[in-house]
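> Next come a sequence and a model predicted from it.
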Amino acid sequence: MRHKKSRGAGGLARSLWSMTQAVLFPWLKTRACGVLLHATSLPAETGIGNWGRGAFAFVDFLKASRAAHWQLCPLGPTGYGDSPYQCFSAFAMNPYFIDWESLVQAGLLTQEELKPLRELPKGHVDFGALYARFWPLAKTVCARWQSDPKSLSSLGDFDGFCAQERAWLEPYAAFTALKSLHGGAPWWQWPQNVRSPALAKTSGVLETPEARAALRLCQWLQWIVFAQFEKVKAYAAGRGVSLIGDVPIFVARDSADAWSRPEIFQFDAAGNPTAVAGVPPDYFSPLGQLWGNPLYRWDVLAGEHFAWWIARMRAAFRLYDIVRLDHFRGFEAYWSVPADAADARGGHWEKGPGLPFFAALQQAMPQAKIIAEDLGVITPALIALREATGLPGMAVLEFAFDGDAGNFYLPHNLTANCAVYTGTHDNDTARGWYAGADEKTRDYFRRYLRTPGDAPEWDLVHAAYKSPCRLAVAPLQDLLGLETSARLNTPGRPQGNWQWRFTAEQQAHLNAYIAPNLAVLAEESGRLPAPDDAAKKDAPTAV
């Protein structure tokens, strides 16, 4: 089992070490704590979490809790299945995160026009209904803005944004426009004359009034959502809260990235994948997980000095203070599954880019703060790569209590250069996990933590905070003590995920009861944030 593997470096680590003579990213040096909450889960009145009042209130809760970090899932625009790990762009942001109230204040729409969005559920995201109501309203408001561009002058310069982000925004806007013109079909089903950006440009298809309107709508939405996010980020920074972002290793096949740069993926001449990503059978699924993402041509990327990846990471660090690099395992070796396979069991391991990739990244961004999501199949080669980079790995306490004292995820086996989680977005809630565990697991849990087990979520939070790991993170669902119904994602389940949200009433409970308890725990476990800088006295105020 993966959590029983030794993490000793061995000879391979020493050989990799000799390539660099020093770790590349030795950044995690102080003890701190944080909370994991996806942006979709924030309280809001328009069907999904956004960069409005709910985001600012959550930052206030983090500050009161003495938490230094807010960890987010990927923020990209989602498609079928609603997964933020399957986005239409590796660079764009989901326009669903737009705070509509600010557009009301700007005079671009009325409260009555917001009513269809306000009628959506408050406690979960109905993505189908949101899609049907969001886009007609977005088109209407964008048209009004074009008649009165100064109405949103507080968000900065639209043309300047488009120029600054042109490298990714131009192909993404073209991709979304063409997708709209072809009824939402994936790009490999489009006519041959628009199968690439160059072909689309020479075809004249993007010069039609309908296409130009779609292009402008995409650019306008990205301008707004990025500008609103920047206000939240500035507010968080002013209160001593850093943002931890999440960069998936793979991109979706139906994405602007795959459409505009097919040469960096394992596609045949017709644009069909020859192999796809996944993982072998594991804790989550006996069939493995068939993700279906296109795999990279790492030789082509290396020949370009990993320029596409470096651009992607630069874009991420403009948004976040710290980046969790998803599926770190895949940079050492990745599970390659035949494109026509029914599940992931028939795959095999292929070598990833390894240390040269991280050396190039370190040269481009020497101060980058990265967390390696090294869960999954743990091998000596993976251990060696992580230790050569110096990146902190991850530990999940829900994986710890199988009764084996040598289990890596037990607190006494953890190390300082590690981020420990009660659970992640892929896990059941702590309370749900405990309720569903077998009696052997529950018995060991109670004996190890010296607890009656009546509040397992808080037992895990205490264990995480008091572990030697320098970073301890808990999903908000665990702080609220919620059951399995609040689980955010179940790996292998294609639909019904990413829907959970917390409410304004739960926010009040967090402020009144949870924040004071977390603040005491942070103090007791040496996880208080650094003292506020003098410059933060003039921090921006909440909306």
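That came through fine. Residues are numbered from 1 along each chain as shown.

> And the residue nearest to Asp326 when sequence neighbours are not counted, how close does it get to Glu373?
Counting by CB to CB, 6 or more residues apart in numbering, Pro248 is the residue found nearest to Asp326 once chain neighbours are left out, at 4.6 Å. Glycine gets a C-beta too; all of them are placed from N, C-alpha and C. Going from Pro248 to Glu373 by CB to CB, to the nearest Å gives 10 Å.

> Find residues that contact each of the two.
By CB atoms under 8 Å, 6 or more residues apart in numbering, Pro248 and Glu373 have these common neighbours: 326-327.

> Below-threshold pLDDT in the stretch 101-250 of the chain: ranges please.
Residues of the stretch 101-250 of the chain meeting the criterion pLDDT under 70: none.

> Tell me which stretches of it form strands.
Applying DSSP state E, counting those that start in this stretch to the stretch 101-250 of the chain gives strands spanning 242-247.

> All the helices of it, in order from the start?
Assigned by DSSP state H, counting those that start in this stretch, the stretch 101-250 of the chain shows helices spanning 115-118, 127-147, 158-164, 166-181, 197-203, 209-238.

> Please identify which of those is closest to Ala90.
helix 166-181 (7.9 Å; CB to CB).

> The closest one: which residues count as buried?
For helix 166-181, burial by neighbour count (16 or more other CB atoms under 10 Å) applies to 168-181.

> Could you list the buried residues of stretch 402-418?
Neighbour-count burial for stretch 402-418 [16+ other CB under 10 Å]: 402, 407-411, 413-414, 417-418.

> what does stretch 432-444 give?
For stretch 432-444, burial by neighbour count (16+ other CB under 10 Å) applies to 432-434, 437, 441-442, 444.

> Which of those fall in helices?
Among the buried residues of stretch 432-444, DSSP state H puts 432-434, 441-442, 444 in helices.

> so where is the stretch 301-450 of the chain shaky, pLDDT-wise?
If you take pLDDT under 70 as the line, the stretch 301-450 of the chain has no such spans.

> try it again with 80
Judged by pLDDT under 80, the stretch 301-450 of the chain has its weakly predicted residues at 377.

> so where do the helices sit in it?
Using DSSP H, counting those that start in this stretch, helices in the stretch 301-450 of the chain cover 307-319, 329-332, 355-364, 380-389, 430-436, 439-449.

> Only C-alpha atoms, please: export the first one in CSV.
Just to be clear, that refers to helix 307-319. Provided in CSV are the C-alpha atoms of helix 307-319 (Å, rounded to 0.1, in the frame of the first residue of the first chain):
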residue,chain,number,x,y,z
ALA,A,307,8.6,27.4,-22.0
TRP,A,308,4.9,26.5,-22.1
TRP,A,309,5.1,25.1,-18.5
ILE,A,310,7.1,28.1,-17.3
ALA,A,311,4.5,30.5,-18.7
ARG,A,312,1.8,28.5,-17.0
MET,A,313,3.6,28.6,-13.6
ARG,A,314,4.3,32.3,-14.0
ALA,A,315,0.6,32.9,-14.6
ALA,A,316,-0.2,30.9,-11.5
PHE,A,317,2.2,32.9,-9.3
ARG,A,318,0.6,36.1,-10.5
LEU,A,319,-2.6,34.8,-8.7
